[in-house]
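J.: Sequence plus the predicted model coming up.
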Amino acid sequence: MRWLFWTVWIGGTAAGAILLWFLMAVPEARDWSFVDRRVFLPGATTDGHYQIELACESCHGEGFSDPKALQASCVRCHGDELEAANDSHPRTKFTDPRNADRVAILDARWCVTCHQEHRPEVTGTMGLSLPGDYCFHCHQSIGEERPTHEGLAYDSCADVGCHNFHDNRGLYEDFLVDHRNEPALLESPRVPLRNLAAVFATEAGDHAPLEAKDQDATASSSDPIVEEWAASGHARGGVNCSECHGAGATWTDHPQVSVCEECHALEVEGFSHGRHGMRRLVEGAPMTKGEARLPMTPKSPERDMDCHACHPAHAYDTRAAAVSACLDCHADEHSRAYEGSPHHELWKKEEAGEAPAGSGVSCATCHLPRVETEARPDQILVAHNQNDYLRPREKMIRSVCIHCHGLAYTIDALADEALVESNYREAPQRSVRSMEYATELRWELEGRAPPFALDEDQRKDGEEKP
């Protein structure tokens with residue numbers, strides 16, 4: 001009986017291992033609808049990766065390679081973002097022999113030292129799996145070096161409004177000091193205006209606006225689809241039907257995203273790295289509303305998250321894409337609180353022509369901001385990767401908030417969880433001390449008495465003493 005038991009045990013284990021390898025490594029097996037590959041996950045994935053959790057090889061490599069393959073996967077997806085952010089803790093900092101003692105304690109040369117997937121017990125509210133004491137290993141003496149930091153909790157370094165490990169541009173000490181005395185609302189609050197049409201006209205030459213009668217499709221000029229196109233930015237920019245659908249024998253009723261990419265390459269690239277389109281990078285089926293982890297509205301139809309999910313196939317109404325396309329799907333508390341908020345009222349006034357262009361605040365204003373591109377500094381376009389300007393929240397400071405608000409007010413607002421959920425319907429109820437800390441340090445370095453002082457009791461209750 002013992003011999004039979006071990007035979008069955010070893011045989012079953014071998015068969016299971018072979019089946020596991022086959023289902024995970026053989027591409028054809030990934031499409032078998034009757035196999036739910038999620039049963040093989042060792043733990044829940046983070047919010048940032050769960051969309052591609054079944055494409056294991058996109059991170060682990062074929063055959064689940066060594067840690068170098070994981071590191072290469074991290075850099076492949078996030079390397080450009082970190083480089084553009086002027087990473088505060090680049091890998092070179094930890095390959096410097098002078099930091100060998102620190103690397104021995106926390107080997108931050110590898111992304112997975114701090115970010116370990118499939119570990120929900122150490123995954124925070126921002127979707128990052130991260131040990132709470134990672135700053136302490138290198139900066140444990142900061143309380144002695146800076147009086148402003150004396151008594152602060154060891155795991156409070158990365159609190160909203162303080163420090164970020166990678167992208168800390170919105171909280172640099174010089175930046176904080178230079179913007180210290182700004183009012184809560186700037187004198188002329190405006191967001192940048194996109195100029196894709198002007199750039200396109202310069203590069204491709206002026207295209208005369210088209211009307212319904214000018215369409216080169218086979219439909220009647222009175223067809224509703226043609227009427228939608230005639231009222232769109234494409235028609236106003238001289239883009240006819242055949243430029244997307246093809247002409248003659250090459251005509252297709254349903255153009256792929258690759259057609260959009262011919263004119264909107266930067267937008268598609270951003271979209272492919274964001275939460276809406278990241279499955280394109282692993283050649284998976286597009287994300288659908290029903291697969292989202294955030295609360296979604298039941299009324300909107302189930303649809304693939306591609307360009308047309310927010311931009312209807314022929315209307316291409318960017319104003320609708322900036323608000324209604326978002327609220328058609330998203331039903332979390334922050335999204336539901338947008339309508340009726342001060343930002344929404346500003347948006348309605350701009351829409352009605354009662355306020356200047358750029359003074360309204362839509363969902364896209366903050367989450368898909370208008371930014372200058374590194375490749376084309378003269379071009380301002382809508383960034384379609386919302387991850388770049390949302391996680392962590394402080395990344396929104398430079399690209400979004402300071403176009404309208406003072407820095408101190410911005411930091412306090414982003415740190416107020418209740419205010420974020422209510423979509424900024426009132427003034428922030430908490431005060432972040434980072435700006436005061438930076439100013440005190442600046443004056444100390446310059447050998448002058450600071451304009452104020454914070455004693456221990458005031459630091460606890462958040463009051464400032466002149």
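T.: Ah, there it is.
J.: Please count neighbours and contacts with C-alpha atoms only from this point.
T.: Will do.
J.: who touches residue 240 in this structure?
T.: For residue 240, the contact set (C-alpha atoms under 8 Å, 6 or more residues apart in numbering) comprises 210, 214, 215, 216, 234.
J.: out of these, which are buried?
T.: Buried members of the contacts of residue 240, scored by 16 or more other C-alpha atoms under 10 Å, are 210, 215, 234.
J.: Surely the last one is within a strand?
T.: To tie it back to what came earlier, the one meant is residue 234. No. Using DSSP: H, G, I helix; E, B strand; the rest coil, the assignment for residue 234 is helix, not a strand.
J.: Which residue, other than its chain neighbours, is closest to the residue nearest the centre of the chain?
T.: The centre of the chain sits closest to residue 387, judged by C-alpha atoms, centre = their mean, with a distance of 0.8 Å. Counting by C-alpha to C-alpha, 6 or more residues apart in numbering, residue 387 lies nearest to residue 274, which is 5.8 Å off, once chain neighbours are set aside.
J.: re the thing from before, widest-spaced pair of the contacts of residue 240?
T.: 216 and 234 (13.5 Å; C-alpha to C-alpha).
J.: about what we covered before: so the residue nearest to the centre of the chain versus residue 50, what's the distance?
T.: Remark: distance between residue 387 and residue 50 (C-alpha to C-alpha, to the nearest Å) = 14 Å.
J.: same deal with residue 189?
T.: Distance check for residue 189 against residue 50: by C-alpha to C-alpha, it reads 37 Å.
J.: Residue 416 now?
T.: For residue 416, the distance to residue 50 (C-alpha to C-alpha) stands at 27 Å.
J.: so where's the stretch 151-300 of the chain uncertain?
T.: Across the stretch 151-300 of the chain, the ranges flagged by pLDDT under 70 are 199-206, 219, 221.
J.: how does it look with 80?
T.: Across the stretch 151-300 of the chain, the ranges flagged by pLDDT under 80 are 196-207, 218-222, 283-284, 299-300.
J.: which stretches of it form helices?
T.: For the stretch 151-300 of the chain, the helices defined by DSSP state H, counting those that start in this stretch occupy 173-178, 196-204, 224-230, 233-236, 242-245, 257-261, 265-273.
J.: In TSV, list the ones you listed along with distance to residue 77.
T.: Formatted as TSV, these follow (distance: least, C-alpha to C-alpha, whole Å):
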stretch	distance to residue 77
helix 173-178	29
helix 196-204	26
helix 224-230	36
helix 233-236	32
helix 242-245	29
helix 257-261	19
helix 265-273	8
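J.: Out of those, which gets nearest to residue 313?
T.: helix 224-230 (8.7 Å).
J.: Show me what counts as buried in the closest one.
T.: Quick answer for helix 224-230 (16+ other C-alpha under 10 Å): 226, 227, 228, 229, 230.
J.: just checking, the second one touches residue 212?
T.: Yes. With contact defined as C-alpha atoms under 8 Å, residue 227 and residue 212 form a contacting pair (6.2 Å).
J.: among the helices of the stretch 151-300 of the chain, which is nearest residue 396?
T.: Among these, helix 173-178 comes nearest to residue 396, with 14.4 Å by C-alpha to C-alpha.
J.: Enumerate every residue touching the closest residue to residue 188 other than its chain neighbours.
T.: Residue nearest to residue 188 in three dimensions, not counting chain neighbours: residue 404, with 7.3 Å by C-alpha to C-alpha, 6+ apart. By C-alpha under 8 Å, 6+ apart, the residues touching residue 404 are 185, 186, 188, 189, 190, 191.
J.: for these, which one is nearest residue 248?
T.: residue 191 (42.9 Å).
J.: Got phi/psi on that closest one?
T.: Phi and psi for residue 191, reported as degrees, to the nearest 10, are phi -100, psi 150.
J.: ok, and the closest non-adjacent residue to it?
T.: Nearest to residue 191 is residue 358, by C-alpha to C-alpha, 6+ apart, at 4.9 Å.
J.: and the one you found, which of the three is it?
T.: Strictly by three-state DSSP, residue 358 counts as coil.
J.: and the gap between it and residue 316?
T.: 19 Å.
J.: Tell me which of those two has more neighbours.
T.: It is residue 316, of residue 358 and residue 316, that has more neighbours when counted by other C-alpha atoms under 10 Å, with 19 against 16.
J.: so that one touches residue 230, yeah?
T.: No. The pair residue 316 / residue 230 is not scored as a contact, 10.5 Å apart, by C-alpha under 8 Å.
J.: Just the helices from the stretch 301-450 of the chain, written as ranges.
T.: Under DSSP H, counting those that start in this stretch, the stretch 301-450 of the chain gives helices at 307-310, 318-322, 324-327, 333-336, 342-351, 363-367, 396-399, 407-415, 417-421, 434-445.
J.: Just say which of these is most tucked in.
T.: Ranked by mean neighbour count, the helices of the stretch 301-450 of the chain are led by helix 407-415 with a mean of 23 (mean count of other C-alpha atoms under 10 Å).
J.: just checking, what packs against it?
T.: Where contact means 3 or more C-alpha pairs under 8 Å, 6 or more residues apart in numbering; DSSP states H and E, helix 407-415 is packed against helix 396-399, helix 417-421.
J.: Nearest to residue 181, out of these?
T.: It's helix 396-399; of the helices and strands packed on helix 407-415, that one is closest to residue 181 (C-alpha to C-alpha) at 16.0 Å.
J.: what does the closest one rub up against?
T.: 169, 170, 366, 369, 370, 371, 389, 390, 407, 410, 411.
J.: Same list (these) but as CSV, adding distance to residue 120.
T.: Converted to CSV, the contacts of helix 396-399 look like this (distance: C-alpha to C-alpha, whole Å):
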residue, distance to residue 120
169, 29
170, 29
366, 28
369, 31
370, 34
371, 34
389, 24
390, 21
407, 34
410, 31
411, 28
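J.: tell me which of these is nearest to residue 124?
T.: residue 390 (14.9 Å).
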